[in-house]
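Chemist: sequence below, structure please.
(one chain, ligands or ions: 1)
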Amino acid sequence: MLIDLENIIDQREKERPEGAYTTYLFEKGVDKILKKVGEEASEVIIAAKNRDQEELKWEASDLLYHLLVLLREQELPFKEVLNVLQERHVQKENK
Ligand SMILES: N=c1c2ncn([C@@H]3O[C@H](COP(=O)(O)OP(=O)(O)OP(=O)(O)O)[C@@H](O)[C@H]3O)c2ncn1[C@@H]1O[C@H](COP(=O)(O)O)[C@@H](O)[C@H]1O
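Modeler: Residues are numbered from 1 along each chain as shown. Have a look, this model is predicted:
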């Protein structure tokens with residue numbers, strides 16, 4: 001699912017279709033994307049602090065999406081993040 005979303009974001013970055021929100025973020029550039037990641041992370045914190053699961057679901061989704069846009073902007077494939085998690089997991093299992 002996240003890989004599918006990453007693929008759509010890659011496509012948006014390459015094709016820049018007019019009217020797409022992802023195009024808007026890439027056109028605005030890295031500072032805008034960083035701002036959105038910061039805002040969405042703060043909104044996740046507030047939702048969690050309020051123990052508001054509905055809000056938390058919504059904000060966590062926004063954060064994951066904007067994080068994937070940031071990784072694309074930084075040319076870092078999401079697979080590399082997953083690999084780090086996998087390596088940590090394997091190291092822990094072998095201890
Ligand atoms: N998963 C998402 C997704 N999550 C959040 N968002 C957008 O993130 C924004 C978050 O809301 P905010 O109120 O914080 O931001 P805003 O006021 O709309 O925008 P700003 O002016 O603050 O930048 C909303 O506009 C959401 O539509 C997303 N936009 C797109 N996707 C997916 O990305 C793919 C490509 O979408 P498009 O680029 O829109 O074609 C599709 O699969 C979409 O479902």
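Chemist: residue nearest the centroid of the chain?
Modeler: Compute the mean C-alpha point of the chain, and by Cα atoms, centre = their mean the closest residue is residue 67, 2.2 Å away.
Chemist: distance of residue 8 relative to the ligand?
Modeler: Going from residue 8 to the ligand by Cβ to the nearest ligand atom, to the nearest Å gives 5 Å. Bear in mind the C-beta positions are built from the backbone N, C-alpha and C, glycine included.
Chemist: secondary structure element holding that residue?
Modeler: In the assignment (DSSP states H and E), residue 8 maps to helix 2-15.
Chemist: got the contact list for that helix?
Modeler: With Cβ atoms under 8 Å, 6 or more residues apart in numbering as the test, helix 2-15 has contacts from 20, 22-23, 26, 64-65, 68-69, 71-73, 77-79.
Chemist: picking that back up, nearest residue to the residue nearest to the centre of the chain other than its sequence neighbours?
Modeler: Nearest in space to residue 67, with sequence neighbours left out and distances taken as Cβ to Cβ, 6 or more residues apart in numbering, is residue 37 at 6.0 Å.
Chemist: what lies in contact with whichever strand or helix holds the one you found?
Modeler: Following DSSP H and E, one finds residue 37 within helix 30-49. Contacts with helix 30-49, where a contact means Cβ under 8 Å, 6+ apart, come from 25, 55-56, 58-60, 62-63, 66-67, 69-70, 73.
Chemist: show me which residues of this structure sit near the ligand.
Modeler: For the chain, the residues in contact with the ligand (Cβ under 6 Å from any ligand atom) are 5, 8, 12, 20, 21, 22, 36, 61, 62, 65.
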